[in-house]
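> The sequence isn't on hand, but the structure is:
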């Protein structure tokens, strides 16, 4: 903000909304290697701790009259369980722990990213691509293990005219391998865009004339980002359930 204010005093406005996404070593230096502890490492670790505190520590003292943490844990449990059962079917309930962990991790990472001066880990494709690839590989392996070669029926639209089936098979095959790309970009893109817009409005807050409008815009965008943080976790999870259903029931 000091740089932004200095630029504003000189008649210009200098701010870089994408600087908040730069990966930086925590222990000094500029080089980032695979073993370097960075701000991404820190906030990923905090997201894991938040999940453990909420679901393990918060529900350890189970009571008939639940505490706040127990209530949140039970609501999240019931919400995700019903999602898995409704979307993927009762035979997918065995994968509920994985999907629940996925949902809670993304929700906690998104909400931690809304803390001022924090780092939003889900805005990085390196994080969301790994999550999406884990889902893709799990679903693909499960599809072949459960169904064998019948899993390939997912790409063969038997209800379509015979002449169109090869063309549709190619389209289905391409769309299947594009899944991890769209799955990861959707989450990272939405989170990154919202934080970048908030940073832009924060840069304009240095100009006295439009400062009140900028503050109102930041407040509105922040409220929207709270909603987006939950919605994007929900979308990522429900798509995982849809892909899981395809693996368990591949026939069109």
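Sure, I can see it. Bear in mind the structure is a predicted one, so any value in this text is a computation, not a measurement.
> just the helices in the stretch 1-150 of the chain please.
Remark: helices assigned in the stretch 1-150 of the chain by DSSP state H, counting those that start in this stretch are 2-9, 39-52, 68-88, 96-112, 125-147.
> What's the local residue count around residue 166?
Here the number of neighbours of residue 166 (other CB atoms under 10 Å) works out to 10. Using the backbone N, CA and C atoms, a C-beta is placed for each residue, glycine as well.
> whoops, I mixed them up, residue 154
A count of nearby residues for residue 154, using other CB under 10 Å, gives 19.
> And it, how close does it get to residue 168?
Distance, residue 154 to residue 168, by CB to CB, to the nearest Å: 12 Å.
> Compare the helices of the stretch 1-150 of the chain and report which one is nearest to residue 224.
With respect to residue 224, and counting by CB to CB, the nearest of the helices of the stretch 1-150 of the chain is helix 96-112 at 12.7 Å.
> For the closest one, list every residue counted as buried.
Across helix 96-112, burial judged by 16 or more other CB atoms under 10 Å covers 96, 99-100, 102-112.
> Can you name the two of the residues you listed that sit furthest apart?
The distance between the two most remote of the buried residues of helix 96-112 (CB to CB) is 23.9 Å, for 96 and 112.
> and the one helix or strand residue 168 maps to, what other elements does it pack with?
Residue 168 is part of helix 165-204, with elements assigned from DSSP states H and E. For helix 165-204, the packing partners by 3 or more CB pairs under 8 Å, 6 or more residues apart in numbering; DSSP states H and E come out as helix 125-147, helix 211-248.
> Which one of those lies nearest to residue 85?
Across the helices and strands packed on helix 165-204, residue 85 has its closest neighbour in helix 211-248 (9.2 Å, CB to CB).
> Can you get me a residue count around the nearest residue to residue 188 once chain neighbours are set aside?
Leaving out its chain neighbours, the residue that sits closest to residue 188 by CB to CB, 6 or more residues apart in numbering is residue 128, at 4.3 Å. Taking other CB under 10 Å as the criterion, the count of residues near residue 128 is 26.
> I'd say residue 128 and residue 190 touch.
No: with contact taken as CB atoms under 8 Å, residue 128 and residue 190 are classed as non-touching, separated by 10.3 Å.
> okay, and for this protein, where does confidence drop off?
Segments of the chain classed as low confidence (criterion: pLDDT under 70) are 1-15, 208, 251-252.
> run the last query once more with 80
Regions of the chain meeting the criterion pLDDT under 80 cover residues 1-15, 17, 28-30, 58, 60-65, 159, 205-210, 251-252.
> Residue 232 is in contact with residue 106, isn't it?
Yes: with contact taken as CB under 8 Å, residue 232 and residue 106 are classed as touching, separated by 7.2 Å.
> what do the two both touch?
Common neighbours of residue 232 and residue 106 (criterion: CB atoms under 8 Å, 6 or more residues apart in numbering): 122, 187.
> Just the buried positions in the helix holding residue 168, please.
Of all the residues in helix 165-204, those buried under the rule 16+ other CB under 10 Å are 165, 168-169, 176, 179-180, 183-184, 186-188, 190-192, 194-195, 197-204.
> How about stretch 38-46?
By neighbour count, with 16+ other CB under 10 Å as the criterion, the buried positions of stretch 38-46 are 38, 39, 40, 41, 43, 44, 46.
> Nearest to residue 84 among these?
residue 44 (24.6 Å).
> these two touch, right, the closest one and residue 122?
No: Residue 44 sits out of contact with residue 122 when judged by CB under 8 Å, with a separation of 9.7 Å.
> shared neighbours of those two, anything?
Contact criterion CB under 8 Å, 6+ apart; residues bridging residue 44 and residue 122 by contacting each: residue 109.
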